[in-house]
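**Q** Give me a 3D structure for the following:
(2 chains)
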2 protein chains.
Amino acid sequence: MLDAALQDGTAHRKCVFEVFTRRMPNERRYGVVAGTARVIDAIASFRFTEEQIELADFLSEEAKQFLRDYKFTGDVDGYREGDLYFPYSPILTVRGTFAECVILETVILSILNYDSAVASAASRMVSAADGKPIIEMGSRRTHEQSAVTAARATYIAGFDATSNMEASLRYGIPASGTAAHSWTLLHVDDSGKPDERAAFRAQIEAAGVDTTLLVDTFDITKGVENALEVAGTELGAVRIDSGDLGIMSRRVRAQLDEAGAFNTRIIVSSDLDEFAIAGLRSDPVDGFGVGTSVVTGSGAPTAGLVYKLVEVDGHSVAKRSSGKATYGGAKSALRAYRASGVAVAEVVYPQGAEITRKQNLAYRELTVPMIRGGELVDAASDPFNLEAARATHRDALQTLPWEGLALSRGEVAIPTHFVGFPEPAE
Amino acid sequence: MLDAALQDGTAHRKCVFEVFTRRMPNERRYGVVAGTARVIDAIASFRFTEEQIELADFLSEEAKQFLRDYKFTGDVDGYREGDLYFPYSPILTVRGTFAECVILETVILSILNYDSAVASAASRMVSAADGKPIIEMGSRRTHEQSAVTAARATYIAGFDATSNMEASLRYGIPASGTAAHSWTLLHVDDSGKPDERAAFRAQIEAAGVDTTLLVDTFDITKGVENALEVAGTELGAVRIDSGDLGIMSRRVRAQLDEAGAFNTRIIVSSDLDEFAIAGLRSDPVDGFGVGTSVVTGSGAPTAGLVYKLVEVDGHSVAKRSSGKATYGGAKSALRAYRASGVAVAEVVYPQGAEITRKQNLAYRELTVPMIRGGELVDAASDPFNLEAARATHRDALQTLPWEGLALSRGEVAIPTHFVGFPEPAE
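**A** Alright, predicted model coming up:
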């Protein structure tokens, strides 16, 4: 495409591409924007090496030179990281020449699709956990680099910590972890007989009595007994990683209380997703460890975001493939709220248009400038700060109507209204 | 764990960890080992930077020094990349001290879980396509680094090419691609009216008449008409990316044939998975472009592989958590075949044990040495070569009993037999 566009002169047409989704996966009520800061960084630093250019031996010399000189010089606007999105929310708008924008499609979508899939799943788990802490521990169940950004996305959505040390290093996310079954199994006596107490003793000596002991390697009741015998009633926590977590947490709570270990917390893990977490709401669980489900988007491993050309030299364009018709033109968006603070609609309108605002509603601008002329806009400002993204998400979630937090399949939390557009093409 | 093990002296116990899965996701019939060469490379080059070590401020000075000096010195054996696996197949066995092995858990599982999930999905699609070529074009729907290794995994499983140029550069996979809708939309006249023919004309001038024109941006019938008008009957292919692909491919075939474009191929894409591909088997489709479904494992985004301690100082160990009991001890595996070449069982036995082989069956050793004393075994040999992995997969697939290729949920293709073990712990 690049080569052909350079040859027929269309490469330099001023274009606008837009990132949006046509529907929420699995009929969820809302999505969470994540990856924006990574995208902005990727766009600003996008370059080609000579080795990469030489591989593309099907390219003309002109196209190769274009790649050698490549540096994005256009503008980017988008939703704040951590904000909510709905079908057709214009979460990222990229403006520049066709050639410079089309080249960015894969990196933009890869980042936003994966990170938003994880954050969208994580947010539902945070709602389900109802204030109890969640540790992300899914690194082993996704690609080794995805694992690092998955931790980042879950933190934006409200998780409390990650077991991924590289994510902690790269993004400053609190690190946390517990011992594995291999730790207990390692402790055998000379005849090969398991010695769970030796494992617990060594862990407490290294990590202090406030540590979390994994009590289900052999028999949970005996495991708790051993834990208390070694740690005493000041033990920080026990973790249960198998069995019916509701039943087991109640039994273990009773056992701990009977021993006087009232402050010893119970952490549970083992294939938890938002539904399993919600199912434990009335049980004496103090925290969750979530792995596989969150790093794979809990049934929706990609956000289904697309990157579509919507404007060429000031003209709106849109494809008419069956089932995929969309509004053309560059767009901005507002979120409308009742006086009570509850969101009522996503209002999408042509960029730069004046639209009539209703007197009884408050509005928040969703689209903020991120890149101007290829340069980051105020790199220290909100869209690029992880704690700010976390706050954006927390605040946005509080404005959802109650039904928007339902875990079941259903309607999106708020409708998307298109205002100020001509009738869509048929 | 590392710190506690160094303190209590268990860090240096000779251990064996094993990678296996307890079940096939979504009741599939078989899995495909992928990522092995990446794992072997990651193990051999696994090091810690000073920045990483300093971040772990909870570690003792001894543990920090251990990380500074870290270099894996043990042995690794495993299944060839591209081979099939079944529940409890010991696809990777890692032998060394507890400390040096436990450190590798995340990187080993991340790679194998993601790459094998993608390869396992891709293999089903290749079977469903029944010899017709498939291009991997899912980069935009997964993390930007996963995208590169996803292309690699699909190639091992029998895909023909990838649209991911970095995968082509890094792994030598054939690159291929087609134009996007944005290419057609870019071509508007001065009044903003779409000009599909101008887009087709420019593409043919740049890429030759053997290119693939995307004909469904506006109206497919008109698109094919425009394509033929511009390219003539020697046009390489048309791509259809929306609508009912069965109906549309038949209509387009009739239209092409009527115009005399008998050799113009029809490529289809648009949310294809193995079931959709199988559903098109009787239609005049010449090739498939597969994106989202394959890079997300087509409903099984992680392979569910675990890394478990199975041996400590020569003693078998295994946890007894409910529902998770397994055989301890280091293992090897054979695949048993009838004289006809059809596989009948996966035979798992204690490493080094002599087991009785049945006279009427042939056996293939599944476990090959990959690392000895921290060094790669014959880096040029099969397990580390992508074309060899592709051949391994093709050959292994041909030995499956017919029912093993069924796409429906069901029993695994062949049972796993444990031979030479003591009765499992209850």
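
**Q** going forward, measure contacts between C-alpha atoms and count neighbours the same way
**A** Noted.

**Q** just checking, residue A:393 touches residue A:82?
**A** Yes. The pair residue A:393 and residue A:82 passes the contact test of CA atoms under 8 Å, sitting 4.4 Å apart.

**Q** which neighbours do these two share?
**A** Residues touching both residue A:393 and residue A:82 (CA atoms under 8 Å, 6 or more residues apart in numbering or on different chains) are A:32, A:156, A:157.

**Q** and which of those residues is nearest residue B:252?
**A** Proximity to residue B:252 was ranked across the shared contacts of residue A:393 and residue A:82 by CA to CA; first place goes to residue A:32, at 40.1 Å.

**Q** could you list every residue that touches that closest one?
**A** A:82, A:83, A:84, A:85, A:116, A:117, A:119, A:120, A:123, A:157, A:393.

**Q** Out of these, which sit inside strands?
**A** A:84, A:85 (DSSP state E).

**Q** May I ask which two of the contacts of residue A:32 are separated the most?
**A** Farthest pair in the contacts of residue A:32, by CA to CA: A:117 and A:393, 14.5 Å.

**Q** Give me the more crowded residue out of the two.
**A** More crowded of residue A:117 and residue A:393, by other CA atoms under 10 Å in any protein chain shown: residue A:117, with 34 against 24.

**Q** Next, work out how far apart the more buried one and residue B:129 are.
**A** Residue A:117 sits 29 Å away from residue B:129, taking CA to CA, to the nearest Å as the criterion.

**Q** Quick check, pLDDT for residue A:381.
**A** Here the pLDDT value assigned to residue A:381 is 57.

**Q** Please apply the same query to residue A:211.
**A** Note for residue A:211: predicted pLDDT of 96.

**Q** can you pull the contacts of it?
**A** By CA under 8 Å, 6+ apart, the contact list for residue A:211 reads A:178, A:203, A:204, A:235, A:236, A:237.

**Q** Return the closest of the residues you listed with respect to chain B.
**A** Nearest to chain B among these: residue A:203, at 5.5 Å, using CA to the nearest CA.

**Q** For the closest one, the count of nearby residues, please.
**A** 27.

**Q** Tell me the spatial nearest neighbour of it, not counting adjacent residues.
**A** Using CA to CA, 6 or more residues apart in numbering or on different chains and skipping residues adjacent in sequence, the residue nearest residue A:203 is residue B:4, 5.5 Å away.

**Q** Show me what the helix or strand hosting the one you found packs onto, helices and strands only.
**A** Of the helices and strands defined by DSSP states H and E, residue B:4 is found in helix B:2-8. If you count contacts as 3 or more CA pairs under 8 Å, 6 or more residues apart in numbering or on different chains; DSSP states H and E, helix B:2-8 packs onto helix A:196-207, helix B:61-68, helix B:98-102.

**Q** Which residues does that helix contact?
**A** Outside helix B:2-8, the residues touching it (CA under 8 Å, 6+ apart) are A:202-203, A:205-207, B:11-12, B:59-60, B:62-63, B:99, B:102-103.

**Q** same deal with stretch A:239-258?
**A** Contact partners of stretch A:239-258, identified using CA under 8 Å, 6+ apart, comprise A:212-216, A:220-221, A:224, A:262, A:264, A:266-270, A:280, A:283-285, B:321-323.

**Q** now stretch A:154-164
**A** Here stretch A:154-164 makes contact (CA under 8 Å, 6+ apart) with A:32, A:34, A:82, A:118-120, A:122-123, A:126, A:133-137, A:139, A:147-148, A:151, A:168, A:173-177, A:294, A:386-387, A:389-390, A:393-394.

**Q** Show me how far that stretch is from its chain's centre.
**A** With CA atoms, centre = their mean, to the nearest Å as the basis, stretch A:154-164 stands 10 Å off its chain's centre.

**Q** Same check on stretch A:339-353?
**A** Centroid separation for stretch A:339-353 versus its chain: 23 Å, with CA atoms, centre = their mean.

**Q** first vs last residue of it, how far apart are they?
**A** Chord length of stretch A:339-353, first to last residue, is 25 Å (CA to CA).

**Q** who touches that stretch?
**A** With CA under 8 Å, 6+ apart as the test, stretch A:339-353 has contacts from A:86, A:89-90, A:329-338, A:355, A:360-362, A:398-401, A:414-421.

**Q** One more pass at 6 Å, please.
**A** The set of residues external to stretch A:339-353 that reach it, using CA atoms under 6 Å, 6 or more residues apart in numbering or on different chains, is A:330-337, A:399-401, A:414-420.

**Q** Same question for stretch A:125-133.
**A** Residues from elsewhere that reach stretch A:125-133 (CA under 6 Å, 6+ apart): A:160, A:274, A:277, A:278, A:287.

**Q** go on, stretch A:192-200?
**A** A:184, A:187, A:188, A:226, B:315.

**Q** at 7 Å instead, please
**A** A:183, A:184, A:185, A:187, A:188, A:189, A:213, A:226, A:227, A:230, B:315 (CA atoms under 7 Å, 6 or more residues apart in numbering or on different chains).
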